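[1] Provided below for reference: sequence and predicted model.
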Amino acid sequence: MTDLLYQTDSYLQEFEAKIISALPAERVIILDRSAFYPGGGGQPCDFGTLTVEGVTYPVTKVKKQGEDVLHFIGDDAPLPSAGSAARGTLDWARRHELMRTHTALHVLCGTVFRDYGALVTGGDMEPLKGRMDFEFETMRGDLVREIEAAVNAEVAKAREIQVRILPRAEAFQIPDLIRTKINLLPEGIAQVRTVEIVGLDLQADGGTHVRNTKEVGSIRVVDYKSKGAINKRIYIEIK
Ligand SMILES: [Zn+2]
């Protein structure tokens, strides 16, 4: 089982851990704790390195499997053995861009719900680029410009972002979480992590976010598309 350090500190760029197991055939290392984000909720996984006894190994993919985080090791050097101490270092430039992008998408989602009552049906992102699908019947150029102005106004308000881990029963009492389909969470999940852009948006979310919307930068709506009668897709870029 890997302790998920990124859940409580998304700004952790380096960390010390112990290797629980090394699987040479899969080229996977499992650590007792990790700051590497394994991907999920539309946010891609982190990249970086693990250093063990003076040797630095590239981490080219990270994935969650049950309660473990799998660190996939690039090149073909023999893997270090279980029990060794490891130092993990994230590709911080990439991770921070993904944090800005993820928060930008929550600003978009919160703003569109507040102003138009439109719910999100899906989303995806890569560093500094993202897309989100909304239940919107019609989408026009002037509406898109209106949304772009409103999301940038929210970013400029320097809203704080708060992350909490709540018991399931407590989270289910929060009306804002119910609208984001918290009821779809599998029954086995005892705790719910919530991400709140104070005054704008509250969601059950496992991703990594910036501390304050002012860190996001400026958001541009670069395109929009109809994805069926009800679904409209909005594409954004962050600068
Ligand atoms: Zn999210």
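    Perfect, thanks for sending it.

[2] give me the mean pLDDT for stretch 192-203.
    Mean pLDDT, computed over stretch 192-203, is 95.

[3] and the contacts of it?
    7, 103, 106-107, 109-111, 113-114, 154, 157, 159-168, 171-172, 174, 176-177, 180, 182, 185, 204-207, 209, 213 (CB atoms under 8 Å, 6 or more residues apart in numbering). Where you see a C-beta, it was placed from the backbone N, CA and C, and this is true even at glycine.

[4] do that again at 6 Å, thanks
    106, 110, 154, 159-166, 168, 171, 176, 180, 204-206, 209 (CB atoms under 6 Å, 6 or more residues apart in numbering).

[5] same check on stretch 47-54?
    56-59, 80, 84, 86-91.

[6] what does stretch 56-75 give?
    1-2, 27-30, 34, 36, 38, 45-46, 48-50.

[7] filter those residues down to just the buried residues.
    The neighbour-count test (16 or more other CB atoms under 10 Å) marks 2, 27-30, 34, 36, 38, 45-46, 48-50 as buried among the contacts of stretch 56-75.

[8] near the ion, which residues of this protein show up?
    Within the chain, the positions adjacent to the ion are 41, 205, 207 by CB under 5 Å from the ion.

[9] closest to Lys225 among these?
    Set against Lys225, the nearest of the residues of the chain next to the ion by CB to CB is Gly41 (21.9 Å).

[10] dump the residue contacts of that closest one.
    Residues near Gly41 by CB under 6 Å, 6+ apart: 206-207.

[11] go on, Arg164?
    Thr194.

[12] pick out the residue of this protein closest to the ion.
    When distances are taken as CB to the ion, the chain reaches nearest to the ion at Asp205, 4.1 Å away.
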